[in-house]
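> Sequence plus the predicted model coming up.
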Amino acid sequence: MFARKPTLAGERVTLRPVGPEHVDGLWELVNNPETVRLTGSHAPFDRFGIGWWYGSRGDHDDRLDLAICTAEDDAYVGEVVLNELDADNLSCNLRIALVGPRAFGRGYGTEAIRLVLDHAFSTTELHRISLEVFDFNDRAAHVYRKVGFVEEGVRRDALRWNGGWHNAIMMSILAPAWAARKT
């Protein structure tokens, strides 16, 4: 479904297929404590693994991994990914991560999500795109609602972080709802 790896341009960001040229940016992203907390990432990363990961994403037609680069100077500020494709049910998952405070609050994430949703719903048969956001990530939950995601439920105590438990809020957007928002 995602054999074609497009470049998508907006006013603030350009989304590009991830590749080895984005490894330094991903390394910064996975080493930013705030980004790690917001994504609930417990796994350690190594530089070699990061390089292999970004170098191999183009080989997978069941996912779309795009680097979020600033339109101004093409600097890497994060990634947006469509993964966990369920081709039988025309659905997938969306995840997004920004490099940290230098990318927060600038509209990069909002525009990246809108660009990837528009691409997914206008060029594929996808009907449903879902995501999860942790209950302490109010900024992301606000953005998801703003672009049209609807809360579906909660996975209670889904994340253990620094000795505390946090819920994961499940959200989705459907192709008809996206189409209605565009008109």
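Good, I have the coordinates.

> When you work out contacts or count neighbours from here on, use the C-alpha atoms and nothing else.
Will do.

> sec struct for residue 100, please.
Under DSSP: H, G, I helix; E, B strand; the rest coil, the three-state class of residue 100 is coil.

> Let me see the contact set for the closest residue to it other than its chain neighbours.
Of all residues not flanking residue 100 in the chain, residue 35 sits nearest, at 5.7 Å (CA to CA, 6 or more residues apart in numbering). With contact taken as CA atoms under 8 Å, 6 or more residues apart in numbering, residue 35 is in contact with 29, 97, 98, 99, 100.

> Relative to residue 183, how far out is residue 35?
Using CA to CA, to the nearest Å, residue 35 is found at 34 Å from residue 183.

> And residue 109, by the same measure?
From residue 109 to residue 183 the distance is 22 Å (CA to CA).

> Residue 88 too?
Distance, residue 88 to residue 183, by CA to CA: 28 Å.

> How about residue 160?
41 Å.

> So for those two, which residue has more residues nearby?
Legend: neighbour count by other CA atoms under 10 Å for residue 160 and residue 183, higher for residue 160 (12 against 5).

> Leaving out the residues flanking it, which one is nearest to that one?
Spatial nearest neighbour of residue 160, chain neighbours left out: residue 166 (6.3 Å); criterion: CA to CA, 6+ apart.

> does that neighbour belong to a helix or a strand, and which?
Element membership for residue 166 (DSSP states H and E) is strand 164-174.

> For the next helix or strand after that strand, what does the pLDDT average out to?
Per DSSP H and E, the first helix or strand lying C-terminal to strand 164-174 is helix 175-182. Mean pLDDT, computed over helix 175-182, is 94.
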